[in-house]
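J.: no FASTA, just this:
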């Protein structure tokens, strides 16, 4: 193949090949034109002057044609080791030389495109045609140099009948071989491929592949040139061979069975020739073995029982551990139950104490309120007395002023004016003092009114929030009830129908092993509708729960819920193995003559739902008693019902043996039977809530208005009080100044003034008493507010503890369930342990029976053979052989056959069977090896095709660039097409065009570039190109010629043979170029034509 030449040449002559490949991969972008011819000649001359590199093996040294095609004699032609031009006009024999080269080196007639058969190459009128080719045979790639010497002569004779004979001669002319296989070995050694269009490209092949407009044809040319098509054909042939081999194996397998059957039959006949004594001895031996085999089988049957018994005895400890484990868990759960109960009792006791304390605080608040009211009465009374004294003071002052007026008439105008002014100031001061006191009282009243209104507003806000939550819950319940008119399932949530549809679809698709059940409340019904609230409070969250058989179904259901339900609370999922029957609860269920259990009060069609509620809630041990008083009597009496854990009244109260709880729920939401009644009840309740909401809003608006009004009055009163105090201070200063002036007083005024002074003293006393009463009222007010605050805090503490009590109740309920669950598991393992112990007793009985049977079998076997025999065969096989041996003995006793014939047939059958078995083994091994090799080679084939495509693109671009062309080469290995696009001139000035849009010369130049690219990626000792420049103009011909000469100069180890009708007179002078000029044909004569060899 082409890789052989490459690998051997690189290893043998690295200095030559390295240089050649380096020159071959140079990307010379110079453009050859008419002005650069002289430079190209100088370049070629320099390359020729370098150290000469000559091909060693495989090149054509000479060729001679005799009576070939239409030529009597052509040659001998001596070719140079590098570049050879065969020049001549049409008919001169150029194509004959090329055709003879192809035919003589093993090519078929079709490859030459000059005839359909070899006899067409014999000249008309002659009996045969001869071709002689001399191939160089030097260097490390030489083929049998010790036999052939430095050259191999290939002589071909073609007869008129189309027969082809070869004579392979050494350099001395001695015939070495006449076999074509030897020629093929030589060609393979030299890597000569005459059928490869890259090695020998004829005109017809060039037209078919290179000048074809089809992209598929170019791809075929590439594949043929790189021998990838041959590799692909080889792969197809190998695959076909493999299928044929597999068919043979299948056929041989059937034949092998027949041969084996015949072989066994002959073997039986052969073995039947044993003597009767030996068969009798063997029969006795087999009978002894049979006796002890029966003993061994009885022992073998006993061994699994012993192992199972030992295993079960060991497992008994595990069951004991499980029972002890769950017993400890029961004790821990009961201990936790007692602790929770004690905590709940402590909280209940604390709550009771706080409630009594709360009553005391409430009484204290009422007492302080009464005291405050009394203080307010005292303040009002003092205020009235003070107002009366003020009036008396005003009247007496007026009388004194009148008297003073009369006196002032005698004492002088100045004294009178001062006195009048002092009276006016005193009156104004008294009025201002009274006004300041009144304003202070008003400020206290406004502040108290604002604080009271704000407290009331806070209470109403909290009540309103609770009321809004209740209203929203009722609205949701009403929507659920209304939607459940047509679909009861909507009671359990608006998304529940969608979830059930999704579950049904998933079950149809096989996503569930067992269809989940739920919601559980939807799958149960009440026998007595009055017990709806009791059952609903009892089951709580289980009503909306789902149950699954296994954890995989649980994960699928969780995924469905996550898609259907919004983020938040979703129904619970209970995972428990599904059973087709309801649990047997007769031993642990409560049975009361008057009152039913929850299990008895429900109608449950699905055993899975019933079992789930039994396992999770223990509904078989919960009683339903309508009357709460009767329920307490039954549960908390001296003899509570057996197996009863708790009871529920129809109001939802939960009663235990030592405690009871009141239900917060008042109506059933899921299990009530009359939907319309529930809707009417919710509608009435929502109407009442709406009216109450309106009243709340009105009260809130009124409180807001009162607060705004009181705050406005309080601000104005503060401002007025400050202004009045400032005015009183000014008047007091003025009065002090006037009093410091001494005046004569009359004796008649003294009693009145004394009375006035007494009234003033009383006013002062009363004012002090008023201030004291007001201070006392403030103290009582603070005491009242403190008591009320303490009462509120105590109330909040009671609420907090009540909430804690509720959580403890819930925890106690869970603890009760945990106790029941642990007891259930303990009982489960108790039952399993009991069954396990029963199974052990059964095994022990079976083992004892087997041991008795074994003793009997040993006694029988001892009678037949006293010594025990160790036998590996089964009783069945021994029995079969004994019966067959008996038949043989009987048959042989009746008739003895020909011993020699039986032996011969047996040996023949055995040989045939072994031979066929070995063939089958070899064929299977061959198929396995072939599969491995084919897989590796197909990978290498794909990689090689990719590598060769990439190299071809690279060299094609480099060749085009030498004339300034741009182009692209696109391989599509899938559709087997090769698209070539070329653009003359600069690539950035125009788009790439298909080769069909180019001129003839440009297209031929592009074709030459394509051929040179293929030359660069393939290996062959010589290359032949026939009339490559027929469609070129002078410029393109010269450029193409320069390119090929440059490539040839860079590949001195290869031989190039170009056939052209051109004169080649413009070629540069070089030692590496040889031109063979053929004479023009003489159409009138058949004389042989001579050639002229010109070595330049």
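T.: Received it, and whenever you're ready, just let me know what you need. In this text, all values refer to a predicted model and were calculated from it rather than measured experimentally.

J.: which ones are touching residue 795?
T.: Contacts for residue 795 (CB atoms under 8 Å, 6 or more residues apart in numbering) come out as residue 358. Every residue, glycine included, has its C-beta placed from N, CA and C.

J.: what residues does stretch 826-843 touch?
T.: Residues outside stretch 826-843 that contact it (CB under 8 Å, 6+ apart) are 305, 308-309, 312-313, 315-316, 319-320, 322-323, 326-327, 329-330, 588.

J.: what mean pLDDT does the one helix or strand residue 422 maps to have?
T.: Assigned by DSSP states H and E, residue 422 falls within helix 413-483. Across helix 413-483, pLDDT averages out at 76.

J.: elements contacting that helix?
T.: Helices and strands touching helix 413-483, by 3 or more CB pairs under 8 Å, 6 or more residues apart in numbering; DSSP states H and E, are helix 276-411, helix 675-739, helix 749-864.

J.: now the angle from that helix to helix 749-864?
T.: Here the directions of helix 413-483 and helix 749-864 differ by 20 degrees (axes from the mean of the first three to the mean of the last three CA atoms, to 10 degrees).

J.: Quick one: list the elements packing against the helix or strand just after helix 413-483.
T.: Of the helices and strands lying after helix 413-483 in sequence (DSSP H and E), the nearest is helix 496-508. Other helices and strands packing on helix 496-508, by 3+ CB pairs under 8 Å, 6+ apart, are helix 551-564.

J.: Show residues contacting the helix it packs on.
T.: By CB under 8 Å, 6+ apart, the surrounding residues in contact with helix 551-564 are 495, 498-499, 502-503, 506, 511-514, 516, 546, 548, 570-571, 573, 575.

J.: Spatially central residue for this protein, please.
T.: Per CA atoms, centre = their mean, the C-alpha nearest to the average position across the chain is that of residue 559, at 14.9 Å.

J.: Now do that one against residue 522, distance only.
T.: Residue 559 sits 21 Å away from residue 522, going by CB to CB, to the nearest Å.

J.: what does residue 381 give?
T.: Taking CB to CB as the measure, residue 381 falls 74 Å from residue 522.

J.: the more surrounded of the two?
T.: Per other CB atoms under 10 Å, whichever of residue 381 and residue 522 has more neighbours is residue 522, with 19 against 13.

J.: per-residue pLDDT, that one?
T.: For residue 522, the model assigns a pLDDT of 87.

J.: any idea how far residue 564 is from it?
T.: For residue 522, the distance to residue 564 equals 16 Å [CB to CB].

J.: which residues of the stretch 651-800 of the chain score low on pLDDT?
T.: Residue ranges of the stretch 651-800 of the chain with pLDDT under 70: 673-683, 740-749.

J.: one more time with 90
T.: 651-654, 657-800 (pLDDT under 90).

J.: could you show me where the helices are in the stretch 501-650 of the chain, in order?
T.: For the stretch 501-650 of the chain, helices defined by DSSP state H, counting those that start in this stretch occupy the ranges 532-539, 551-564, 598-601, 607-617, 628-635.

J.: Return the most buried member of these.
T.: Ranked by mean neighbour count under mean count of other CB atoms under 10 Å, those are led by helix 532-539, which reaches a mean of 23.

J.: And for the closest residue to residue 79 other than its chain neighbours, the neighbour number?
T.: Using CB to CB, 6 or more residues apart in numbering and skipping the chain neighbours, the partner closest in space to residue 79 is residue 60 (5.2 Å). Close neighbours of residue 60, defined as other CB under 10 Å, add up to 26.

J.: what does residue 469 give?
T.: Around residue 469 there are 10 residues (other CB under 10 Å).

J.: With residue 593 instead?
T.: There are 5 residues near residue 593, going by other CB under 10 Å.

J.: now swap in residue 153 and tell me
T.: Burial of residue 153 is recorded as 23 neighbouring residues (other CB under 10 Å).

J.: Model confidence for the residue nearest to it when sequence neighbours are not counted, exactly?
T.: Sequence neighbours aside, residue 169 is the residue nearest to residue 153 in space, at 4.0 Å (criterion: CB to CB, 6+ apart). pLDDT, residue 169: 92.

J.: Please name the residues that touch residue 169.
T.: Under the criterion of CB under 8 Å, 6+ apart, the contact list for residue 169 reads 152, 153, 154, 155, 175, 176.

J.: worst-scoring helix or strand of this structure, pLDDT-wise?
T.: When the helices and strands of the chain are scored by mean pLDDT, DSSP states H and E, helix 14-24 comes last with a mean of 33.

J.: ok so the residue nearest to residue 79 is a helix residue?
T.: No - going by DSSP: H, G, I helix; E, B strand; the rest coil, the assignment for residue 60 is strand, not a helix.

J.: Isn't it up against residue 134?
T.: Yes - counting by CB atoms under 8 Å, residue 60 does reach residue 134; the two are 7.3 Å apart.

J.: secondary structure class for residue 157?
T.: Residue 157 carries the three-state label strand when classified by three-state DSSP.

J.: pretty sure it is touching residue 128, no?
T.: Yes - under the criterion of CB under 8 Å, residue 157 makes contact with residue 128 at 5.4 Å.

J.: Tell me the pLDDT of residue 271.
T.: On pLDDT, residue 271 comes in at 68.

J.: Residue 186: neighbour count?
T.: Neighbourhood size, residue 186 [other CB under 10 Å]: 23.

J.: Name the nearest residue to it, sequence neighbours excluded.
T.: Using CB to CB, 6+ apart and skipping the chain neighbours, the partner closest in space to residue 186 is residue 143 (5.2 Å).

J.: Is the one you found part of a helix or strand, or is it coil?
T.: Applying three-state DSSP: residue 143 is coil.

J.: got a list of what it touches?
T.: Residues near residue 143 by CB under 8 Å, 6+ apart: 57, 137, 152, 185, 186, 189, 190.

J.: Check the gap between the residue nearest to the centre of the chain and residue 514 for me.
T.: With CB to CB as the criterion, residue 559 and residue 514 are 17 Å apart.

J.: Which residue ranges of the stretch 1-150 of the chain form strands?
T.: Taking DSSP state E, counting those that start in this stretch as the criterion, the stretch 1-150 of the chain carries its strands at 57-68, 71-78, 83-87, 128-137.

J.: Export those as JSON lines, with columns for mean pLDDT and distance to residue 281.
T.: What follows is the strands of the stretch 1-150 of the chain, written out as JSON lines (pLDDT from 0 to 100; distance: least, CB to CB, whole Å):
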{"stretch": "strand 57-68", "mean pLDDT": "89", "distance to residue 281": "78"}
{"stretch": "strand 71-78", "mean pLDDT": "86", "distance to residue 281": "92"}
{"stretch": "strand 83-87", "mean pLDDT": "87", "distance to residue 281": "93"}
{"stretch": "strand 128-137", "mean pLDDT": "91", "distance to residue 281": "78"}
